[in-house]
Every structure is written in C-alpha cells, then in structure tokens.
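Engineer: Okay, here's the prediction I keep looking at, along with the sequence it came from:
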Amino acid sequence: MGPAELNLADDEQLLLAAAYVSDAQYNRNIQFETSPQAVRFYKLYNHWSTQGITYFFILVDLFLGLFEEPAVYLLPLWVTSTIEFICLVMFSVRLLHFSKVTPTKVFWKDAKNICVIVTILLTLLDMIVYLALAQNGYPAVRWSRVLRPLFCVNFTESRQLRRAFRNIRNSLPEIAYVFVLFMFSVAVFSLMALKLFAKRKLRTGEGAPYFSNYLDVFFNLYVLVTTANSPDVMMPAYEVSWAYSIFFIVFIIVNTYVFMSLFLAVVYNDYKKHLKNEVRKLVYMKHRKMIEAFNILKMKNEAEFVVPHSRWQQLVKLVAADIPSSHRELLWRILDDEQKGYLGRESFIGLADLLNIQIVQMKDRVHPLEKCMPRVYTSTVSKLIRRMVAHRAFRYTYDLIIVINAIFIGGDEMNPLITKAEWAFLTLYLVEILLKLYTHEPRAFFAKFQFWNWFDTIIIVAALLGTIANTALKSSGGYSSQQILDIVFILRVLRLIRIIDSFHRFRVLLNTLVNLIPTMLTYAGLLVVVYYIFAVVGMEAFKGRIHFYGVNSSNPAAAYCGNPALKGSQFAAMRYCRNNFNNLPSAIVLLIELTVVNQWHVLATGFVMVTHLTARIFFVVFHIVVVIILINIFIAFVLEAFFVEHSLARSAMETAIEKKIQELGMGDSVIQDC
C-alpha cells in the first residue's frame, strides 16, 4: 500500500472516530454503517442544514391546517394537496437518507422508521380517497391530518421529544392504578349523590332537574374535582339544608386534595426513577461511543494503548472545526494534565463532556475613545466618571429611578405631566447607557452572554422610537391607531424587569429559569403535538356548529351563536361564541382554555347541546390526558430540574478547566454550559 492509500485510510479512520465522538457529544444513540461512504452520508445526515430542512417541512405540513377546511384562509384543494405531497416526498427522502447510513436489519427493526413509513402511506391513501370523493361532490373527512404530529416525534432528530413520550409511557402503569381508584371514588360519590338528591326533585338555577341522572351526576362531580363549578353545583342542595354541604366538602377533600396530590406524588416519583434510568443509559452509550473512537485512533506505547497529540488535534479539528487553536490547546492541557504528549483511554473519554462546556475568551480591548482621544479619556475627570459609573451607588440610583418610573407608568397617559415625565425618564435611561458605553469597551458590553445589557439597550431604544413615533402622529393630527401606543405602554412596563438584575436572589432564580428553557421547550413540543391532535379531532367533530358574528353584530343569531340549540344557554349568555372549532387557531385557543379548567364544563356543555351527549367524552379525555397526566409530568420535570439546576455546583470538569485557565494565564475567559 502506497503513501496515498495510507493517507486515505487514515483520513477515513479519522472521519469514523469523529462520527463516534460527535454522537457522544450530542447524546445520539444511532447505529450506523462504518464504511467510508456511509460515514460521509451520516455526517451529512446530522448536519444542521439537512436537519433544518426536515424541520421546515414538518412545520409546513402542520401549518397546512390553517389553509384547509375549516380554514383561516381557504386555499384551493389542489394547492394544499400539492404542498402536502411535496412534504411527504421530503420526508421519504429523509428516511431514505437514514436507511443508507443504518444497517438494513437495524433500520427495519426500528419502530420509529416503521411509524414514519406507515404514516406516509396512510396520508397518501387518505389524500387519494379525499380528492376522489371531493371531485365527485361526496362528503369526505381528512382523517390523516391527525397523524401529522407523528412526523415531529418519529424522525431521528426528535430524540428529546421521544424521551419525553417514553417517560409518559413508563409512568402510565403507576398512574393507571391511581386513576382507576380515583374514578371509582367519583363513581361511588356519584351514586351516593343520586340516591340523596334525585328523589327530592330539586332544580338548578336554570330550572333543570338537579342530580336526577347518573351520567349527569358523574360529570358534574368530575367537574367539581377541578373546582370549575364550585360552589354552583352545591347550591341547590345547600339551599335546602346546610347538612348537605358536608357531602360536597368530603368529596372535595378526598378527590380534589388527596387524589390530585397523589397523582403528582406518583408522577414525580416515577419521573425521578425513569430519569435515573435514562441518564444511566445515556452515560453508558456515551462511554461506549468514546471507546469505539479510542479503539480506532489508539497506538501502542510500551505496555498501553494511547492516542498521540497529533491524532487528537486532527480529531478535534473534525469534530469542532469552529473552535480556535488556543481553545484546542486548553482542552489538550486539561486532558493531558501530566503533559505526557498522549492520552490514555480514560482521559480520552472525557473529551465528549469537555466539548459540551463552552469557553468564551474575553479579549482585553482598548476602548475606541482611548485610541481616538487618549488625553481626554485618561484625564482625571474621565477617570472620575468611569469610577462613578462602576460604583454600586450608580446602580442603586437607577434602581430608585426605575421605582419612581413605575409610579408614573400607572398614571393617566392623557396627563401632560406624565408625558413630560416619560421624556425625562427616557433621557435618564439613555444617559445611563451612554455612560456605560463610555466606561466599558463596546464589544465587551455587547458580548453575547451580556443578556441584561442587550435587554436594557433594546428596550430603551425601542421605547424611544415608539415614543417619538407616537408624538409625531399625535402632532400630525391624523392619529387614529392605538397599536403604536399599546407597544409603547408594553415597552415602558418591560423596563421594570431590569430591576431584577439588581437583586442577587432574583438574578439566581431568573438565571435558573433561563437555563431550564431549552429543556422546557421539549415539553412545549410535546404539548403542541397533543394540542394539534385534539384540535384536528375537534375541528372534524364540531366545525360549523357554533358561529361568532363579531363584537357589534346586529344579526339576531349572534345572541345564540348561530345555533338555536344554544338559546337560553349559559354558553351563549356568557358570550362564548368565539370559543369554537371553526379553524385551527380558534381550536388551539379553546384547548388552552380547557387546560386552565376555569369554566371548562360550560364550554363542554355548549358543544354537547349542539351535538350529542357523547361529546362529553372528547372533553373529559382531553382533561385526563393534558391536565391530569401531561401537566403533572411537566410539574414533576420542572421541580426536579429546578432542584438540580438551583443546587448543582460546578462539575469536576468545569473546575479543572478553571484551574487550567488560571495556570495558562487566561483569567479573562468565561465558562458557560452549552
């Protein structure tokens, strides 16, 4: 084998090792072919551009719901069908790409791949049938729309979302036991209520029979668990005798407080248990991937196998091409602490964790004003101003100004004094920013991790522009829009948030919440999937049943939401006509209202009145899935993540980095978790 062939083989081995290290860094658990072509395909598969294209078409597929019947803006059927077909083609290409990098047996044994294939085929079948029926004037239902969120979950990129669903699936058995016991309790109390009140011929405030039907009793008591109909549901019995209140009080204690707390306890306990298993599995897979990479790069050095510095440098350039040479040297010095010139297996394995710790190097730059006007900037007056701005008294002064500003914000905007004061406060805030920019080097002041500096500047500049625009429009005499004024009001209120940065405990809590946002987005994605499915089902079941005619409509049908079945109903009386399933945004808003649970029984009853009693099943199932299961799992996640994030000290790896930074004289570098 000649030198060229040796170099080519060496490069191919490096690419394979880099693929393993990259998988370990990003916690990817994918079995891929190790041939040179497959490794290149695999690198392309994991590239941000190909992943971005996949997410783009997933979003396009989901947003098609805005333009299909029932639509916000109805597009011709051929347009939406063509767009959906293009999305399905892109999903097929993505799946085909994945099949080229994965062993055939592994690909066909993977449930998520089968799920994507079945979803594509079912969607194509539904499109063909729907188009055929629609062209011939027959009524048809696009039932495959409910499958669209499955693309969000089952592509390889959505591993975090799948873990969240897996967590729910693993928690279901324990939740099921508590849920069955809870439903049994509600059923027993419902039977007791039927026997207590049915024979007394009581009536509700609307004149309907009170607790005369077991299914109605069960539904009303189930709603009472959520406190949405309290104390209304109790009042007919309570008016007859105060003693009947004992029944409802006991019911609330047992079912609302005991069982709902038990749900959270079981979910939290299960979440912790499964989280430990997930972490254990991730650590094992990361360790295994790094060992595979080590075995590819290792060389014999006396009695042990090692990775020399030159091979390590080539590897890191492939895995993290964007980091500078000084950063790479720092990583090497941390791993090769004894400066042997090579890494053993255990030291090499630490590379994956090390790459996940972001190091930001702060360059000691000279202020531009010092370059332009050195005498002025280094003068005694200039130094005094800079010391004043850097002193904590300067910050406390502006905290006091913010508090005073808050008092004025609550005042009447039409008052000339308030308007003048607003200009005064804006001037003070602009002076503050300018003084800070005078004191601190601008690029350091606006570094990417200086959140509060960016926040202050954007809010103040936006408020200034909004106030100028508002004043100009007023003075022109043609001012008729409230929108600019609304934006200005919001920006003024947002200014108050910056006071949080002045209190250490507030800052710690806020930083903790900010650090939790990426993980919380996973559960937000989970909720989007569930909401979309229920929204599509709701639109197919309830579209056109309820109509909203506008705020000042003179149409007599507006009084009963366009459906005579709602005449005299609480739904129409409370002006809930806009709460409907007539398009995707309206459906999502309605589902959010149901999640909050306040008056959810009124919403459910309205749709029951315009359809059938079985419509209750939809609303009860939604409450069980979202409020009882998903929200409790989300609370468990937030609790555990907050405890970990709030109390976690720096890791041993971060401590080692800090130590090495000091040794190398890089004290102005900052460590941030990726």
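Structural biologist: Arrived safely, thanks for sending. Numbering: from 1, shown residues only.
Engineer: Determine how far the last residue of stretch 539-556 lies from the first.
Structural biologist: The first and last residues of stretch 539-556 sit 25 Å apart, counting by Cα to Cα, to the nearest Å.
Engineer: any idea how far it is from the chain center?
Structural biologist: 32 Å (Cα atoms, centre = their mean, to the nearest Å).
Engineer: buried ones in that stretch?
Structural biologist: Across stretch 539-556, burial judged by 16 or more other Cβ atoms under 10 Å covers 539, 542-543, 545-549. No exception for glycine: its C-beta is placed from N, CA and C like everyone else's.
Engineer: pLDDT and distance to Gln25 added to these, as CSV?
Structural biologist: Shown next, in CSV, are the buried residues of stretch 539-556 (pLDDT from 0 to 100; distance: Cβ to Cβ, whole Å):
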residue, pLDDT, distance to Gln25
Met539, 94, 42
Phe542, 93, 47
Lys543, 91, 47
Arg545, 92, 52
Ile546, 93, 51
His547, 91, 54
Phe548, 91, 51
Tyr549, 89, 57
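Engineer: Helices - which of these land there?
Structural biologist: 539, 542 (DSSP state H).
Engineer: okay if I get the buried residues of stretch 539-556 as JSON lines plus distance to Gln570?
Structural biologist: Shown next, in JSON lines, are the buried residues of stretch 539-556 (distance: Cβ to Cβ, whole Å):
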{"residue": "Met539", "distance to Gln570": "24"}
{"residue": "Phe542", "distance to Gln570": "18"}
{"residue": "Lys543", "distance to Gln570": "22"}
{"residue": "Arg545", "distance to Gln570": "16"}
{"residue": "Ile546", "distance to Gln570": "14"}
{"residue": "His547", "distance to Gln570": "18"}
{"residue": "Phe548", "distance to Gln570": "17"}
{"residue": "Tyr549", "distance to Gln570": "19"}
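Engineer: Among the buried residues of stretch 539-556, which one sits closest to Val279?
Structural biologist: Closest approach to Val279 among the buried residues of stretch 539-556 (Cβ to Cβ): Met539, at 39.8 Å.
Engineer: Quick check: nearest residue in space to that closest one, chain neighbours excluded?
Structural biologist: Nearest non-adjacent residue to Met539, counting by Cβ to Cβ, 6 or more residues apart in numbering: Phe581, 4.8 Å away.
Engineer: Need the pLDDT of that neighbour.
Structural biologist: What the model reports as pLDDT for Phe581 is 94.
Engineer: Where does it sit: helix, strand or coil?
Structural biologist: coil (DSSP: H, G, I helix; E, B strand; the rest coil).
Engineer: Show the contacting residues for it.
Structural biologist: 70, 535, 538-539, 541-543, 545-546, 587, 590 (Cβ atoms under 8 Å, 6 or more residues apart in numbering).
Engineer: Considering those, which is situated nearest to Ile617?
Structural biologist: Nearest to Ile617 among these, with distances taken as Cβ to Cβ, is Ala541, at 10.3 Å.
Engineer: Which residue lies closest in space to the closest one, excluding its sequence neighbours?
Structural biologist: Ala541 sits nearest to Phe618 (Cβ to Cβ, 6+ apart), 6.6 Å away.
Engineer: Quick check: that neighbour vs Phe607, distance?
Structural biologist: 8 Å (Cβ to Cβ, to the nearest Å).
Engineer: quick one: Thr614 and Met520, what's the gap?
Structural biologist: In terms of Cβ to Cβ, Thr614 sits 36 Å off from Met520.
Engineer: Between these two, which has more neighbouring residues?
Structural biologist: Counted by other Cβ atoms under 10 Å, Thr614 and Met520 do not tie: Met520 has more neighbours, with 15 against 9.
Engineer: okay but the more buried one is in contact with Ile635, surely?
Structural biologist: No - assessed by Cβ atoms under 8 Å, Met520 is found out of contact with Ile635, at 11.6 Å.
Engineer: Can you pull out the low-pLDDT segments for the stretch 451-600 of the chain?
Structural biologist: 470, 473-489, 492, 498, 501-504, 507-508 (pLDDT under 70).
Engineer: try 50
Structural biologist: Applying pLDDT under 50 to the stretch 451-600 of the chain flags residues 480.
Engineer: residue ranges for the helices of it, please.
Structural biologist: 451-476, 483-494, 504-542, 570-573, 584-596, 600-610 (DSSP state H, counting those that start in this stretch).
Engineer: closest one to Lys340 among those helices?
Structural biologist: Across the helices of the stretch 451-600 of the chain, closest to Lys340 is helix 504-542 (Cβ to Cβ), at 36.1 Å.
Engineer: which helices and strands sit right next to the closest one?
Structural biologist: helix 149-154, helix 159-197, helix 584-596, helix 615-622, helix 631-647 (3 or more Cβ pairs under 8 Å, 6 or more residues apart in numbering; DSSP states H and E).
Engineer: hmm, 6 Å instead?
Structural biologist: When contacts are defined as 3 or more Cβ pairs under 6 Å, 6 or more residues apart in numbering; DSSP states H and E, helix 504-542 packs onto helix 149-154, helix 159-197, helix 584-596, helix 631-647.
Engineer: I'd like the ones you listed written out as CSV, with mean neighbour count and distance to Asn136 added.
Structural biologist: Shown next, in CSV, are these (neighbours: other Cβ atoms under 10 Å; distance: least, Cβ to Cβ, whole Å):
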stretch, mean neighbour count, distance to Asn136
helix 149-154, 22, 29
helix 159-197, 16, 39
helix 584-596, 18, 27
helix 631-647, 16, 45
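Engineer: what about these, which gets the closest to Ile460?
Structural biologist: Among these, helix 631-647 sits nearest to Ile460 (Cβ to Cβ), with 30.3 Å.
Engineer: the inter-axis angle of that closest one versus helix 504-542?
Structural biologist: Angle, helix 631-647 to helix 504-542, by axes from the mean of the first three to the mean of the last three Cα atoms, to 10 degrees: 160 degrees.
Engineer: quick one: low-confidence parts of the protein?
Structural biologist: In the chain, residues with pLDDT under 50: 1-2, 4-6, 480, 649-652, 661, 663-671, 673-674.
Engineer: separation between the residue nearest the centre of the chain and Phe637?
Structural biologist: In the chain, the centroid-proximal residue (Cα atoms, centre = their mean) is Leu521; its distance is 2.1 Å. Using Cβ to Cβ, Leu521 is found at 12 Å from Phe637.
Engineer: Leu122 too?
Structural biologist: 32 Å.
Engineer: Equivalent analysis for Phe455, please.
Structural biologist: Counting by Cβ to Cβ, the gap from Phe455 to Phe637 is 27 Å.
Engineer: Ok, Tyr438 next?
Structural biologist: Using Cβ to Cβ, Tyr438 is found at 45 Å from Phe637.
Engineer: now swap in Lys201 and tell me
Structural biologist: 49 Å.
Engineer: about what we covered before: okay, the helices of the stretch 451-600 of the chain, which one's buried deepest?
Structural biologist: helix 600-610 (a mean of 22; mean count of other Cβ atoms under 10 Å).
Engineer: by contact count, what packs against that helix?
Structural biologist: Identification of packing neighbours for helix 600-610 by 3+ Cβ pairs under 6 Å, 6+ apart yields helix 570-573, helix 615-622.
Engineer: okay, it in PDB with CA atoms only?
Structural biologist: Listed in PDB are the C-alpha atoms of helix 600-610, where the atom choice follows Å, rounded to 0.1, in the frame of the first residue of the first chain:
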ATOM      1  CA  TRP A 600     -64.400  24.200  31.100                       C
ATOM      2  CA  HIS A 601     -67.700  22.500  32.000                       C
ATOM      3  CA  VAL A 602     -69.700  25.400  30.400                       C
ATOM      4  CA  LEU A 603     -67.600  25.100  27.200                       C
ATOM      5  CA  ALA A 604     -68.100  21.300  27.100                       C
ATOM      6  CA  THR A 605     -71.900  21.600  27.800                       C
ATOM      7  CA  GLY A 606     -72.200  24.100  25.000                       C
ATOM      8  CA  PHE A 607     -70.800  21.700  22.500                       C
ATOM      9  CA  VAL A 608     -72.900  18.800  23.900                       C
ATOM     10  CA  MET A 609     -76.000  20.900  23.300                       C
ATOM     11  CA  VAL A 610     -75.200  21.400  19.600                       C
END
